[in-house]
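**Student:** following is a predicted model, sequence given first.
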Amino acid sequence: MADTREVTVTVNGESRTATVETRTSLGDFLRHTLRLTGTHMGCEHGVCGACTVLVDGDAVRSCLMLAVQANGREITTVEGLAAAVGTLSPLQAAFWKHHGLQCGFCTPGMLTSLTAFLRDNPNAGEKDIREAISGNICRCTGYQGIVDAALDAAKSMQEG
Amino acid sequence: MKPAPFTYHDPTSADEVVALLGRHEDAKLLAGGQSLMPMLNMRFVVPDHVIDLNGVAGLAGVRDAGDALELGAMTRQRDLMADAAIAAKAPIVPEALDWVGHFQTRNRGTIGGSLCHLDPAAELPCLMAAYDAVLKVQGPDGVREVPFAEWPLAYMMPSLGPDEVLTGIRVPHWPDSHGHGFVEFARRHGDFAIVSVAALLTVEGGKIARAAIAIGGADVRPIRLEAAEAALVGAAPSPDAFRAAGETARGIEAMSDAYVTSAYRQRLAATLVERALIRAAERANGGA
């Protein structure tokens, strides 16, 4: 018989409870159980970074954490980055402006990673940003638009 | 790409972990999950039981014990990088951790997990080799201490019994005047090291008083360059002395894989040993 647990998490400010198989990753839990498909599962072994979400504010790979380990924690997915539906966070707006995405597969991981990184490193320069996303693989943009967007977002967030 | 079914356990004490290990055959301990989770996802490991250490009390934290740093096995790499006592006493630790994965994986990854996974390319085992760290292992008969030199038994196989858990690591202090250098070459930053080198050095009265050199990534376990360390003691810290120390690394046991030959690893080790020593000497007080 499958080993299951009841898991309660706060996702993007909303409390959600569900019963999951203990072998379920946090990423699959978000996508398949909670139907929050903004988080993308890519390599599922921690290399591509597409599945990055914030757990209690920290950027982590949701493919390398079990859903059961997130019990009681606060999760932010790409769906929760903007203040309200139909709006964009400063970082998301900068991605739009600088063509920081093409196919969009890596984008949720880029946005969650950079949201946490710029919060903790508001004065980050180009080199720091490139290192911050060195664990997020993008095959479309060549990273230039992403880096430009992050630099612009850092500037606009500092100017408030 | 999904783990096979297992039974999940979330004990809250090290005693309970040991009891669970004794009760269940084919159990894996889950620390930060940055190596075990990929292996579970890819079904390289298919354990019947997964014992999660994340809720175990008292396994995380950094304490300055006066003559050594006491690191809890579940201390996250991110917390090691930000710790003030480590920055003051063992600044090579954050320098090496900068090479470990990415900030997102360091948010979860732990020192104990890395030392038990014992990937040949991992930075933390190399560092602990340089320090002659002592590992504290709890089992059914109590706690035993394992010097790092006796920790790796074979490829990715630590001296850890099936009913034992690593609880802490003791990292002996070097004098505050010591210099350090951690250098690495990888295909890209955050990728597995092809070769990494950790060097610690003290200089007194213009002469090298003590040296430790560890090489990671070259062989199945970290290598200490003991002969080169001994040869450096008493010598002036000079480019010639460091080049000679590096040259001894051309004779180390080194692995070959699909991308990198053993001869290349040996040559790389020689260069990186020299660079790590130069950096350590620049940072050591007492050299002038």
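**Tutor:** Perfect, I can see it now.
**Student:** give me the number of residues near the closest residue in space to residue B:77 that isn't next to it in sequence?
**Tutor:** Distance criterion C-beta to C-beta, 6 or more residues apart in numbering or on different chains; nearest residue to residue B:77, sequence neighbours excluded, is residue B:106 at 4.0 Å. All C-beta spots, glycine's among them, are computed from the backbone N, C-alpha and C. By the measure other C-beta atoms under 10 Å in any protein chain shown, the count of residues near residue B:106 is 24.
**Student:** which one is the residue in the stretch 101-250 of chain B that chain A sits nearest to nearest to, not counting chain neighbours?
**Tutor:** Evaluated by C-beta to the nearest C-beta, the stretch 101-250 of chain B has residue B:102 as its residue closest to chain A, separated by 2.9 Å. Nearest in space to residue B:102, with sequence neighbours left out and distances taken as C-beta to C-beta, 6+ apart, is residue A:135 at 2.9 Å.
**Student:** what does the stretch 101-250 of chain B put close to chain A?
**Tutor:** Within the stretch 101-250 of chain B, the residues that sit near chain A (C-beta under 8 Å from any C-beta of the partner chain) are B:101-105, B:107-108, B:188-190.
**Student:** of the residues you listed, which is the most crowded?
**Tutor:** Most surrounded of these: other C-beta under 10 Å gives residue B:104, at 30 neighbours.
**Student:** then it would be within a helix, right?
**Tutor:** Yes - assessed with DSSP: H, G, I helix; E, B strand; the rest coil, residue B:104 lies in a helix.
**Student:** state the pLDDT value of it.
**Tutor:** For residue B:104, the pLDDT comes out at 98.
**Student:** sorry, back to before: touching, the residue of the stretch 101-250 of chain B closest to chain A and residue A:49? I think so.
**Tutor:** Yes - the criterion here is C-beta atoms under 8 Å, and residue B:102 meets it with residue A:49 at 7.4 Å.
**Student:** give me the pLDDT for the residue nearest to residue B:102.
**Tutor:** 95.
**Student:** now do residue B:192
**Tutor:** 88.
**Student:** how about the one 5 residues further on?
**Tutor:** Each residue has a pLDDT score; the one for residue B:197 is 98.
**Student:** how about it, phi and psi?
**Tutor:** When quoted as degrees, to the nearest 10, the phi and psi of residue B:197 stand at phi -140, psi 130.
**Student:** residues contacting it?
**Tutor:** B:126, B:181-184, B:213-216, B:269, B:272-273, B:275-276 (C-beta atoms under 8 Å, 6 or more residues apart in numbering or on different chains).
**Student:** ok, of those, which come out buried?
**Tutor:** Those of the contacts of residue B:197 that meet the buried threshold are B:126, B:181-184, B:213-216, B:269, B:272-273, B:275-276, by 16 or more other C-beta atoms under 10 Å in any protein chain shown.
**Student:** could those residues be laid out in CSV, adding secondary structure and pLDDT?
**Tutor:** Supplementary listing: these in CSV, determined by DSSP: H, G, I helix; E, B strand; the rest coil; pLDDT from 0 to 100:
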residue, secondary structure, pLDDT
B:126, helix, 98
B:181, strand, 98
B:182, strand, 98
B:183, strand, 98
B:184, strand, 98
B:213, strand, 98
B:214, strand, 98
B:215, strand, 98
B:216, strand, 98
B:269, helix, 98
B:272, helix, 98
B:273, helix, 98
B:275, helix, 98
B:276, helix, 98
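**Student:** tell me the one among the residues you listed nearest to residue A:90.
**Tutor:** Of all the buried ones among the contacts of residue B:197, residue A:90 sits closest to residue B:184, with 35.1 Å by C-beta to C-beta.
**Student:** can I get the contacts of residue B:197 in a markdown table including distance to residue B:154?
**Tutor:** Output for the contacts of residue B:197, formatted as a markdown table (distance: C-beta to C-beta, whole Å):
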| residue | distance to residue B:154 |
| --- | --- |
| B:126 | 17 |
| B:181 | 29 |
| B:182 | 25 |
| B:183 | 27 |
| B:184 | 24 |
| B:213 | 23 |
| B:214 | 18 |
| B:215 | 18 |
| B:216 | 16 |
| B:269 | 21 |
| B:272 | 25 |
| B:273 | 25 |
| B:275 | 30 |
| B:276 | 26 |
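**Student:** closest to residue A:152 among those?
**Tutor:** For the contacts of residue B:197, the nearest to residue A:152 is residue B:184 (32.2 Å; C-beta to C-beta).
**Student:** what number of residues lie near the closest residue to chain B within chain A?
**Tutor:** Going by C-beta to the nearest C-beta, chain B is nearest to residue A:135 of chain A, at 2.9 Å. Residues near residue A:135, counting by other C-beta under 10 Å, number 24.
**Student:** I'd say it and residue B:100 touch.
**Tutor:** No - contact criterion C-beta under 8 Å: residue A:135 and residue B:100 do not qualify, at 11.0 Å.
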